[in-house]
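Q: Need a 3D model of the following:
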Amino acid sequence: MQDQTTRELAMFPLGTVLLPGELLPLHVFEPRYRVMIAEVLASGGELGVVLIERGHEVGGGDQRFDVACLARVVRAGRAPDGRYALVVVGVEPVVVLRWLDDDPYPRAMVIASTPPSDVESQAGANTAAPSALQLVQRAQALADALGAERDLATELPSDPDALVHQVVALFGIGPLDRQRLLAAPDVGTRLQLLIAELDEAIALAQLHPDGTE
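A: Numbers count the residues shown, from 1 in each chain. Okay, here's the model as predicted:
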């Protein structure tokens with residue numbers, strides 16, 4: 001019998017990573033994804049957003065990472081030619097247990113939990129969990145090192161998940177580093193990983209204050 005925490009989920013492969021609490025606009029024009037969105041909207045409005053490891057968004061044949069983000073449609077519109085304009089919000093990471101046939105669109109069997117990983121073991125090495133305040137302080141230090149005259153304490157949200165994805169967007173964190181954040185087992189580990197990334201960026205900015213390598 002199938003475990004109750006395992007489910008089949010429609011999957012949208014993209015060249016970007018959706019994080020929990022983050023909003024993402026989607027423009028759906030491929031015929032197979034139009035079919036997918038019509039079925040998703042008729043069955044609760046949930047789908048998976050997964051980063052493409054190799055390949056392209058259009059045409060299929062891509063290879064995908066095995067940790068995706070469960071997403072929920074919060075806004076949907078359809079053009080006269082059948083294209084969809086959506087906004088989805090990230091809910092939580094899901095682990096792909098098995099990919100199903102891409103017929104008529106990508107689907108996978110997923111579980112809404114993250115197994116032990118390198119990032120989890122790294123987190124276990126630190127008994128004091130990082131705080132949202134520490135991340136804000138590091139973000140301010142990086143902004144100062146880059147010469148940006150901004151008071152981030154007044155701009156950034158206090159909610160940890162919202163804070164993580166806003167800092168990621170603010171400093172242009174790339175998709176592979178975003179994927180590491182998504183694969184983290186909890187928001188505390190995401191805070192820790194992002195703090196470490198900002199520390200590296202601060203050191204680099206201080207080493208090369210004129211922006212040269």
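Q: how much space between Thr5 and Ile202?
A: For Thr5, the distance to Ile202 equals 40 Å [Cβ to Cβ, to the nearest Å]. For the C-beta atoms, the positions are set from N, CA and C on the backbone; glycine is no exception.
Q: So which of the two has more stuff around it?
A: A count of neighbours by other Cβ atoms under 10 Å puts Ile202 above the other of Thr5 and Ile202, at 18 against 9.
Q: I'd like the next helix or strand past the worst-scoring helix or strand of the chain on mean pLDDT.
A: Counting by mean pLDDT, DSSP states H and E, the chain has its least confident helix or strand at helix 118-124, which shows a mean of 43. The element immediately downstream of helix 118-124 (helix or strand, assigned by DSSP states H and E) is helix 132-145.
Q: Output the contacting helices and strands for that next one.
A: Here helix 132-145 touches helix 152-155, helix 160-170, helix 187-207, going by 3 or more Cβ pairs under 8 Å, 6 or more residues apart in numbering; DSSP states H and E.
Q: between the ones you listed, which gets nearest to Ala79?
A: Nearest to Ala79 among the helices and strands packed on helix 132-145 is helix 160-170 (27.2 Å), distances taken as Cβ to Cβ.
Q: what's the longest strand in this protein?
A: strand 84-99 (DSSP state E).
Q: how about the helix or strand just after that strand: buried residues?
A: Later in the chain than strand 84-99, the nearest helix or strand by DSSP H and E is strand 107-111. For strand 107-111, burial by neighbour count (16 or more other Cβ atoms under 10 Å) applies to 107-110.
Q: And the contacts of strand 107-111?
A: Contact with strand 107-111 is made by 3, 5-11, 48, 50, 68, 70, 94-101, as judged by Cβ atoms under 8 Å, 6 or more residues apart in numbering.
Q: ok, now with 10 Å
A: Outside strand 107-111, the residues within contact range by Cβ atoms under 10 Å, 6 or more residues apart in numbering are 2-3, 5-11, 36, 47-48, 50, 64, 66-68, 70, 93-101.
Q: For it, give the mean pLDDT please.
A: The pLDDT scores in strand 107-111 average 95.
Q: Does Asp177 fall in a helix, a strand, or a coil region?
A: With DSSP: H, G, I helix; E, B strand; the rest coil as the basis, the three-state label of Asp177 is helix.
Q: Can you get me a residue count around the nearest residue to it once chain neighbours are set aside?
A: In space, and not counting its chain neighbours, Asp177 is closest to Glu197: 6.2 Å by Cβ to Cβ, 6 or more residues apart in numbering. By other Cβ under 10 Å, the residues close to Glu197 number 20.
Q: cool, and Gly15?
A: When neighbours are counted by other Cβ under 10 Å, Gly15 comes out with 11.
Q: how much space between it and Gly172?
A: Gly15 sits 15 Å away from Gly172, going by Cβ to Cβ.
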